[in-house]
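K.L.:
what's the 3D shape of this:
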Amino acid sequence: MNTDHLAEDARFPRRALVAPPVVASMVVYRPGPWFEESLRALAAQTYPQLQTLFFVVGGKAHGVDGFDVDLTELIHSVLPQAVVRQIEGNPGFGLVSNEVARLVDGEGGFFCLLHDDVALEPEAIERLIEETYRSNAGLVGPKLVEWDDPTILQSVGLNVDRIGEVEQLIGENEKDQEQHDSVRDVFALSSACVLIRSDLFRELGGFNRRIDFFGEDLDLCWRAHLSGARVLIVPSAKARHRNGIDSRATDMARTYAQARNRVRTVVSLSGSLQLPFVMLQMLVASVVQVVAGVFGGGFTAALASLRASLAVVIDLPYIIRRRSEVRPLRRVSASEIHDLQVSGSARFSSFVRRRSKRIQQASLAQKDRKNAVSHQRFVTNVFIAVTVFVLVGSRNFIWNGVSRVGEFLPMRSATESPRALISSFVSGWTQGGFGSAGSNSSGYVLMAIAGAISFGQTGTLQTALIIGSVFVGAFGMWKVPAGYFSLRARVIGMAMYVAVPLPFVALSKGRLSDVLVYASLPWVIRLFVRAESGLSGAKQTQLLATAVLFTAVVFAFVPTFLALVVWVAITWIIGGLIARLSMRQAFAVGRVVVALVVGALVLNAPWVSQFANSQWIDHFVGSQAASVQQVGLTQLARFDGGILRFGIIALGLYIPVFVSVVVTRSTTFIWATRSLSLVVFTGLLIVLIDSDVLNIAAPSFGQLLAVVACGLALGAGALASFVFDDELTSAYRWWKPVVTGAVIASLVGALPAVSMAVGGSWNQSNSVVADLYTQMQSKPPEGDYNVVYVGRSEVLPISSMRVTDTVAFAIADDGELTMRDRWSKPNELNSNVKNALRAVIGRETVRGGRLLAPLAVRYVVLPKIDGGESTVDRPLPLPEGLLAALSTQLDFRRVYLASDLVIYENMAWLPSLSVLDENSSILSKQAGDEVLLSSELQSTMPIARVDDIASVATEVGTATVHLAVPFSERLRLEVAGTEVQPRIAFGGTTAFDVSDGGLVELQYSTPISQYAFMFVQTLLWLLVTLAVFDIGRIKRRFLQDKSGEVTVVGDQGLPALSFNAGGEQ
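P.N.:
A predicted model of the protein is given here:
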């Protein structure tokens, strides 16, 4: 060993002239033929006090290049004195390397920890030792260069920012021109080759035992800094490194493992005062990275970072335990550690470099840098244009909130707060309509979760969900052809999807269901595309779970969504068969459809089962055939139903999908054929229903047109893919006039949607009929009541039932209509209303009010204009004879009459909860219309109701208490501490016969079966959710919290090497 330069430096003590012992520890796992070169590089080291220790993971192994050899024999053939230990399984590099501290006896030496694909230059260890003493360092590492081309730098140390993002100090494929040959402090070193003092390694506890791969180097170096040790890069020491991890782990596995370990390291090792700010910065940075990843690449890594940041909650026990373990090592303040880290974002710097690199590579491929830049700029500009377009068109919604038009019922803190929704869900009583016992929709819980995330800002949440649905649909269309179309082709398809007027007409008319379907269908098609890619094992399970979870969520809000998914699958498969795809792909799509339909029904099973009646098809498929609208082919095809003056030009949006079938070929032709299949078959179905040729149940035209919109967008994307990506476009010129015409037609066709954005509210009507409903009192002193809305189903504010082909009705209790009224369930009392209205419309009675009296129907409302489907400018006609029939009723007093609304008050009504007079009490024990028509019912006193199914404690004498809800044995009336059992009244409602007066209070006893159903349902949702996020990965995460064990074959528990074995002095 050359020590002349040390002797000449008076700063080093005499002990530095003694060559300290070094044990080089190498973990060997599935090596290739290059492994022998790594061994010979160790054998050629000039450092005299070097011992070698090898850990062979798995014993005899077949390497990645078919390398099949007895590794122990190979090692001993090159290094006869080497110690070799066999390791069972594959615990990971860090965990196996920690064994060196146990197997080497003594102090005062060094450990050189190596990957098996590192070849050191002969003087590498010698120079590392020299610099360790010269600079008083704790950890040092060599300059790493590429194995096959040593002139290319691989690593000269790592910079790290405050959230653990790693930044290389060199550029990609940077040439080694000695520009990085100065010794300097770095925050971290690559674990490929690290020289560390043995006492420091033992004090730190070695590598983190819970990191098997990826990130062990950052964790070790960070703890070294905490202990006060210096970490240096020594460029004079040089090593070639294959960095062959790409052949031993998938990109996906590496990305998620790196993100998980990075976040765990940051949260475990950051200072207590800085930790909240670091966690916030980490979360914000992850969200920004996800958004940036959509536009500029790196989406998978950004998503992995976000998931790891959110998983801190799951990792909390591990983090607390880890911080306790590290606390004794903290000798350096957190502020000093932060000073060692780079300011800003290392990820952002890497993103800029990657973007520049992609542009350079694209420039080389195209021989034209300007084209590469313009392509990227084109994609970015389209994204910006789409975003600005939607936000500008929705600006009134953003500033003033969403108007109460159509299905856009408000979300109020009193009724839609997370607490209120969860309370209703658990109670087993549905408040909507007359109310009824039984399980509630999962939508209650989903809304509660969304409300909790928005911190109870229900109005803001509703606005964000409605406007955000357009962006979700657009982004879904961007994702559908990922992996098949270029970025430019994909962004064209996305732009076409937004250019269709359909979502903005839905916003204008308050069609919440149509908006949700528009947002969801592209994601369903994306699931079909992924299913056809031949996934198997855990990936297939994850795909099926995603399909089930996604569909179950949408189905909870739009019950007809399952029928739409089945229809999309049929047309998608037919299009594929026409393009001569294999049956295997058709079966793959069919498997997904079966799974998502069955899964969605099971996850919503308790609620779904309550619709098992004669009108189930209306609820889950649709009642389109109930009132054929005769809209006409032209108005349907233009997506606006004829509300736009020049909406006819929207037909230009159809041109690209037809042209794409003519000009495309190969894989792109398959996409074009499927796009045309979605358009043609769905369009044909709509026309046949509209013309009354087919008299079948079907979803609304708006929902079916969303399928057509998907076809138009994918067709435009397929045509763009042909223009931008197909090599034959340069050889054949005949297509140019055709494509030019298609482009012009689509641009012109987008003008109707653009025109709707001008006003800032998508042409939504200023007349909101819901504001007029406030004329009906809420919680009046006369008692609680119900309201019957009757008229055309299109203008009714909530889900309805048919009375005739043209007349429908809906039930609501008193007070403001809110979002939870969407989930009212049909029951036997609805049938009573239906029969009463049928008698009124058929002029069979003039005492319809008496028939509705025991149902607490105080008002009958006839909406003419709802501001959505029916407006002042384009009113829908009332059902023939309905207004005249209501006017003939003796018990109906008209309290409001205008061009938009008619309100009748039923003078024969009974309060929802009241005390009956003696005659009414007797009549309540009978059933039938004759009983109700024979005498007017009377109430002596109302009792105020509270919450879903409870009442204010009220003093009552001996009497009959009547409750206008369907009979249920779980209802109780507590009188002075004694429960009174219910009985059936008037053939369907509920009554309590109070024999001894006292303070009465209404209660509902939730059955144990309800809790059992909720438990099973919750368990199923959790299992599916875990499967979506890969339950095996989550299980492994928890298992990693336990300290890993390394099993050394034939280990006697004795040291294999010793620092005190001798050496040159």
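K.L.:
Please, where are all the helices along the stretch 501-650 of the chain?
P.N.:
Using DSSP state H, counting those that start in this stretch, the helices found in the stretch 501-650 of the chain span residues 502-509, 512-531, 537-557, 561-578, 583-603, 605-608, 616-620, 633-637.
K.L.:
So which of the ones you listed is the most surrounded?
P.N.:
Ranked by mean neighbour count under mean count of other Cβ atoms under 10 Å, the helices of the stretch 501-650 of the chain are led by helix 502-509, which reaches a mean of 28. From N, CA and C alone the C-beta is placed, and that goes for glycine too.
K.L.:
how much does it deviate in direction from helix 512-531?
P.N.:
Computed by axes from the mean of the first three to the mean of the last three Cα atoms, to 10 degrees, the angle separating helix 502-509 from helix 512-531 equals 160 degrees.
K.L.:
so where is the stretch 251-400 of the chain shaky, pLDDT-wise?
P.N.:
Counting by pLDDT under 70, the ranges of the stretch 251-400 of the chain that qualify are 251-253, 292-299, 343-375.
K.L.:
what pairs with the longest strand along the chain, and is each one parallel or antiparallel?
P.N.:
Residue-count comparison of every strand in the chain, with assignments taken from DSSP state E, identifies strand 231-241 as the longest. Strand pairing for strand 231-241, using DSSP bridges, gives strand 118-120 (antiparallel), strand 139-146 (parallel), strand 184-185 (antiparallel).
K.L.:
Mind picking out the helix or strand in the protein with the poorest mean pLDDT?
P.N.:
Scoring the helices and strands of the chain by mean pLDDT, DSSP states H and E places helix 4-7 at the bottom, with a mean of 38.
K.L.:
okay, now the domains of the protein?
P.N.:
In the assignment given by automatic domain parsing, the structural domains of the chain cover 4-351, 375-401+458-519+558-586+615-756, 769-906, 913-1008.
K.L.:
after the longest strand of the chain comes which helix or strand?
P.N.:
Read in the C-terminal direction, the helix or strand following strand 231-241 is helix 251-269, with elements assigned using DSSP states H and E.
K.L.:
Leaving out sequence neighbours, find the closest residue to F213.
P.N.:
Residue nearest to F213 in three dimensions, not counting chain neighbours: G92, with 5.4 Å by Cβ to Cβ, 6 or more residues apart in numbering.
K.L.:
wait, doesn't that neighbour sit right on I211?
P.N.:
Yes - using Cβ atoms under 8 Å, G92 is in contact with I211, at 7.1 Å.
K.L.:
So, low pLDDT: which residues of the stretch 101-250 of the chain?
P.N.:
Low-confidence segments of the stretch 101-250 of the chain (pLDDT under 70): 244-250.
K.L.:
what about the strands in it?
P.N.:
Using DSSP state E, counting those that start in this stretch, the strands assigned to the stretch 101-250 of the chain run over residues 104-105, 110-115, 118-120, 139-146, 153-155, 158-160, 166-168, 184-185, 193-197, 231-241.
K.L.:
Let me know which of the ones you listed is the nearest to F277.
P.N.:
For those, distance to F277 was read as Cβ to Cβ. The smallest value, 16.5 Å, belongs to strand 158-160.
K.L.:
Now distance to G433 too, for the domains of the chain, in JSON lines please.
P.N.:
Rendered in JSON lines, the data for the domains of the chain read as follows (distance: least, Cβ to Cβ, whole Å):
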{"stretch": "domain 4-351", "distance to G433": "39"}
{"stretch": "domain 375-401+458-519+558-586+615-756", "distance to G433": "13"}
{"stretch": "domain 769-906", "distance to G433": "4"}
{"stretch": "domain 913-1008", "distance to G433": "10"}
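K.L.:
did I read that right, K825 in a strand?
P.N.:
No - applying DSSP: H, G, I helix; E, B strand; the rest coil, one finds K825 to be coil, outside a strand.
K.L.:
got the phi/psi numbers for it?
P.N.:
Main-chain dihedrals, K825, degrees, to the nearest 10: phi -110, psi 140.
K.L.:
Repeat that for the one 10 residues further on.
P.N.:
Torsion angles at N835 (phi, psi; degrees, to the nearest 10) stand at phi -70, psi -40.
K.L.:
contacting residues around the closest residue to Q889 other than its chain neighbours?
P.N.:
Counting by Cβ to Cβ, 6+ apart, Q889 lies nearest to G848, which is 4.9 Å off, once chain neighbours are set aside. Applying Cβ atoms under 8 Å, 6 or more residues apart in numbering, we find G848 in contact with A836, L837, A839, V840, Q889, D891, F892.
K.L.:
so can I have CSV of the residues you listed showing secondary structure?
P.N.:
As requested, the contacts of G848 are exported to CSV (three-state DSSP):
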residue, secondary structure
A836, helix
L837, helix
A839, helix
V840, helix
Q889, coil
D891, coil
F892, strand
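K.L.:
Just give me the closest of the residues you listed to R792.
P.N.:
Using Cβ to Cβ, the shortest approach to R792 within those belongs to L837, at 13.7 Å.
K.L.:
which stretch among the domains of the chain comes nearest A1027?
P.N.:
domain 4-351 (15.2 Å).
K.L.:
just how off-centre is the closest one within its chain?
P.N.:
Offset of domain 4-351 from its chain centre (Cα atoms, centre = their mean, to the nearest Å): 35 Å.
K.L.:
before we move on, what about stretch 1017-1027?
P.N.:
When distances are taken as Cα atoms, centre = their mean, stretch 1017-1027 is centred 15 Å away from the chain's centroid.
K.L.:
Likewise for stretch 823-839?
P.N.:
Stretch 823-839 has its average C-alpha position 39 Å from the chain's average C-alpha position, going by Cα atoms, centre = their mean.
K.L.:
ranges for the strands of the stretch 751-900 of the chain?
P.N.:
Along the stretch 751-900 of the chain, counting by DSSP E, counting those that start in this stretch, strands occupy 786-791, 801-802, 808-813, 857-863, 892-897.
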